[in-house]
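Asker: The sequence isn't on hand, but the structure is:
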């Protein structure tokens with residue numbers, strides 16, 4: 001079920017000229033600030049790359065995870081292996097009573113979504129002969145499943161497209177002990 005609403009915004013030639021003048025005045029400030037931000041970010045990236053390269057040289061590869069080597073205490077290590085829980089019987093969603101379908105599961109995840117109104121908009125600007133502009137904005141409303149609350153109070157037509165203010169249940173993750 002989708003419906004639409006169209007709004008028209010009129011902007012005179014004078015207001016368009018004043019907006020352009022403001023943009024011309026602020027453009028050099030944005031160029032300088034943007035250049036500084038780019039230089040700072042590149043320096044930060046170089047620093048991070050050097051730190052990660054240095055850290056990767058210190059990592060020791062452990063092949064036998066069953067043996068504890070005291071000489072590796074405080075040293076970054078790398079190992080691979082199969083991770084399983086001793087018993088996943090304690091792994092249960094307390095609200096719905098759901099348990100994992102496989103034995104030895106490490107994690108159970110509850111993903112909650114709510115069917116609610118969403119708003120999308122499309123704007124089209126048309127120039128008039130006197131130099132003014134008319135902007136036609138069409139707002140479309142449809143219902144969709146979303147994993148977060150969409151605030152309908154900021155909708156252009158909120159009176160007929162009202163969403164709940166909170167999720168009835170929250171998404172959650174449960175992990176096995178041991």
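Answerer: It's in. All of these numbers come straight from a predicted model, not from anything done at the bench.
Asker: Name the residues that touch stretch 108-119?
Answerer: For stretch 108-119, contacts defined as CB atoms under 8 Å, 6 or more residues apart in numbering pick out 91-93, 95-96, 98-100, 139-147, 149-150, 152, 155-156, 161-164, 167-175. Every residue, glycine included, has its C-beta placed from N, CA and C.
Asker: Equivalent analysis for stretch 69-76, please.
Answerer: Contacts of stretch 69-76 with the rest of the structure, by CB under 8 Å, 6+ apart, involve 55, 58, 59, 60, 62.
Asker: who touches the most centrally placed residue in the chain in this structure?
Answerer: The chain has residue 148 as the residue nearest its centroid, 10.8 Å off, counting by CA atoms, centre = their mean. Contacts for residue 148 (CB under 8 Å, 6+ apart) come out as residue 167.
Asker: What of residue 162?
Answerer: Contacts of residue 162 (CB under 8 Å, 6+ apart): 117, 152.
Asker: Surely it is within a helix?
Answerer: No. Assignment of residue 162 by DSSP: H, G, I helix; E, B strand; the rest coil gives coil, placing it outside any helix.
Asker: phi, psi of residue 13?
Answerer: phi -60, psi -40 (degrees, to the nearest 10).
Asker: coming back round to it: helix, strand, or coil at the residue nearest to the centre of the chain?
Answerer: What three-state DSSP gives for residue 148 is coil.
Asker: what about it, distance to residue 116?
Answerer: Per CB to CB, to the nearest Å, residue 148 is found 10 Å from residue 116.
Asker: doesn't residue 92 fall inside a helix?
Answerer: No. Counting by three-state DSSP, residue 92 falls outside a helix, being coil.
Asker: Quick check: the gap between the residue lying closest to it once chain neighbours are set aside and residue 172.
Answerer: Leaving out its chain neighbours, the residue that sits closest to residue 92 by CB to CB, 6 or more residues apart in numbering is residue 99, at 5.1 Å. Residue 99 is 14 Å from residue 172, where distance means CB to CB.
Asker: Which residues are in contact with residue 163?
Answerer: Applying CB under 8 Å, 6+ apart, the residues near residue 163 are 116, 117, 149, 150, 151, 152.
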